[in-house]
Every structure is written in structure tokens, then in C-alpha cells.
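[1] 3D model of this:
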Amino acid sequence: MTSPAFTNASLRGTYAVTVTGEGGRAPFAGLGLLTFDGGGAVSGSLVESRPRDTFAERAVAATPYSAAYALADSGTGTLRTDDVVGGGEAADAWLAVRAVTLTSAAPIAEEIALIFRNPEPVTGGLRTATARRLPDGALFSNASLRGRYTGFAMGRGGTTPLAGFGVILYDGAGGFTETNVANTPGETIRERRFIAGSDQGHYLVNTDGTGTVADGNVLFVVTRATAREGEPALAEEYGFMLRNLVPTNGAHFTGVVRRITD
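    Model (predicted):
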């Protein structure tokens, strides 16, 4: 059986992107949307979180991104930004297709992985990313988050490891309630403890699938969705990052939330 050949047309549509910084002097994360035109051009923007003047302060800002892309028939490819387009030797990023939908023409990339060439300038971290294709023409609203979701998060950086998860109920109209538990340091370096908590408040989903939870303290982008005729798309999964560091140890929480029931 012959494997289908990829072309630039295999990358077309809007992809939700989550970025992490590996290593470096401080945590780095980003999320956003990139649109591939099917002919070799990609554009969009990423909301990036990095330290400000002091370690405890964070700067969150939108950064535009545009590049030329080329996808080989094997499913690997490159992104070249303006400074290397037209003969430059170094690609800004390499990518690889991780999931596809087969069509009578070129296979459509549903998920790609990316590794960027240069470290993030402020933190020095190596940037890696995952991008997932959203349904064509999908529009979102607060009604896109409805039902029971579970989230899992890791604390990046910081003085000690942190992890947690939560169960979130979204009402489809801008309100949520949550119960959660986190694994945190105890009284000594050898001790750990589980801390249970709860939260409630408001959320906002923009038409492009980005949004905020807990009155802006959590930023997210929908990474998987189901299109619904005549209705906003239903969010099946989103990637998120906290706006601020955890006060007790300086960790930066990022994670994934998935829908499990109505």
C-alpha cells in the first residue's frame, strides 16, 4: 500500500497552536492561531507569556507571525520568516504532520508538531509547539463551552514541582464552577501534600476560539471542536496558561482541558 504524498495544499485552514519553552532561565508559554492558505503562506498571531523586569512579573502580549511554508511529500516541512525567505539557509521552524484526514486529493493535516530554531529571546528556552486544525468556518461563543470538562496542568519552572487537575462545569452562558486538587510541597523538601479547592466565576469565548476564564486570569485557545450547523462550534478541548505565576514557588501553570459529558 502506497502512503499518500503530502503537498502544500495539505496545510490549509486555521490551526490552534500551543507553545512551550523548554529549559531557559524562566518559564515561557504561548498560544494562538495560525492560518495556512494551502499554497505556501501562513499568518496569524501568538499570545506569549514571559517574565518582565523581575522574575515574579509576567508580560503577556500578542505577537504577529507570518512565514512561507514548504511541505515535503513525506509530511515534514519548514517555516521561513521574512528574514530567511528568498535564499536564506536557516528555517525559522521545522514541522511534522502528526494526524491526517485522507481525501481524494492531498491528505489534510489535522495536527502538526513544530520545533523552532532560535531560543526564545527573553528566557532562552527552546520553543516547541503543537497545532491542531479547527473546523472550516467555525465560529465560537460562550455557548461553545457547555457541560463537564476535566483539566490537567503542570507547573513549569519554579522552585519545586507542581501538578493539579480540576473538574469544571460550564453553563454555556458565561459562568463556571470548578473543584480541583493540586500536589504541592509540604513542610519540608521531602514532604508533599494534596490541596483541594474550588472556584467559580465568569468566562469569555471569542469568535475565533480564544478566550479567558476566571475574569481573565486564565488564557486559552480551543484546540479541538465539533462544528454544529446554525450554532457556535462546540469546544471539545482547549489549551490554557495562567496569566500570573504561582505565588508560593514561581511556577507557571499550563495545561489541557477536555470535555467529557454534557
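[2] tell me how far stretch 16-30 lies from the chain's centre.
    Offset of stretch 16-30 from its chain centre (Cα atoms, centre = their mean, to the nearest Å): 10 Å.
[3] tell me the mean pLDDT over that stretch?
    Mean per-residue pLDDT for stretch 16-30: 93.
[4] which residues in the stretch 101-250 of the chain form strands?
    108-116, 126-133, 146-156, 162-171, 175-185, 192-205, 210-213, 218-228, 231-242 (DSSP state E, counting those that start in this stretch).
[5] following the last one, which helix or strand comes up?
    Right, strand 231-242. Next in sequence after strand 231-242, counting helices and strands by DSSP states H and E, comes strand 252-261.
[6] so which elements touch that following strand?
    On a contact count with 3 or more Cβ pairs under 8 Å, 6 or more residues apart in numbering; DSSP states H and E, strand 252-261 meets strand 146-156, strand 162-171, strand 218-228, strand 231-242. The way it works is simple: take the backbone N, C-alpha and C, and place the C-beta from them, glycine included.
[7] I'd like those as CSV, with distance to Gly211 appended.
    Shown next, in CSV, are those (distance: least, Cβ to Cβ, whole Å):
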stretch, distance to Gly211
strand 146-156, 13
strand 162-171, 11
strand 218-228, 6
strand 231-242, 8
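[8] kindly reformat the strands of the stretch 101-250 of the chain as CSV containing mean pLDDT and mean neighbour count.
    Output for the strands of the stretch 101-250 of the chain, formatted as CSV (pLDDT from 0 to 100; neighbours: other Cβ atoms under 10 Å):
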stretch, mean pLDDT, mean neighbour count
strand 108-116, 97, 19
strand 126-133, 97, 21
strand 146-156, 96, 18
strand 162-171, 96, 18
strand 175-185, 95, 16
strand 192-205, 96, 13
strand 210-213, 98, 22
strand 218-228, 97, 21
strand 231-242, 97, 22
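[9] put together a markdown table for those, with distance to Arg50 on each row.
    Shown next, in a markdown table, are those (distance: least, Cβ to Cβ, whole Å):
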| stretch | distance to Arg50 |
| --- | --- |
| strand 108-116 | 14 |
| strand 126-133 | 11 |
| strand 146-156 | 12 |
| strand 162-171 | 19 |
| strand 175-185 | 24 |
| strand 192-205 | 23 |
| strand 210-213 | 18 |
| strand 218-228 | 13 |
| strand 231-242 | 11 |
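[10] who's in contact with Thr81?
    Applying Cβ atoms under 8 Å, 6 or more residues apart in numbering to Thr81 gives the contacts Tyr65, Ser66, Ala67, Asp92.
[11] try Ser45
    Gly32, Leu33, Ala62, Thr63, Pro64, Tyr65.
[12] scan the residues you listed and report the most crowded one.
    For the contacts of Ser45, the largest number of neighbours (other Cβ atoms under 10 Å) sits with Gly32, at 24 neighbours.
[13] not counting its neighbours along the chain, what's nearest it?
    Of all residues not flanking Gly32 in the chain, Leu46 sits nearest, at 3.6 Å (Cβ to Cβ, 6 or more residues apart in numbering).
[14] the one you found bridge partners, please.
    Beta-bridge partners recorded for Leu46 (DSSP bridges): Gly32, Thr63.
[15] domains in the chain, by residue range?
    According to automatic domain parsing, the chain comprises the domains 8-133, 142-261.
[16] right, and Asn206 touches Phe140 too?
    Yes. The pair formed by Asn206 and Phe140 meets the contact definition of Cβ atoms under 8 Å, at 6.7 Å.
[17] compare neighbour counts for these two and give me the winner.
    Between Asn206 and Phe140, counted using other Cβ under 10 Å, the more crowded position is Phe140 (21 against 15).
[18] quick one: the more buried one from Ala26, how far?
    Separation of Phe140 from Ala26 (Cβ to Cβ, to the nearest Å): 32 Å.
[19] try Ala131
    24 Å.
[20] then Arg224?
    When Arg224 is compared with Ala26 (using Cβ to Cβ), they lie 30 Å apart.
[21] what does Pro64 give?
    Taken as Cβ to Cβ, the span from Pro64 to Ala26 is 23 Å.
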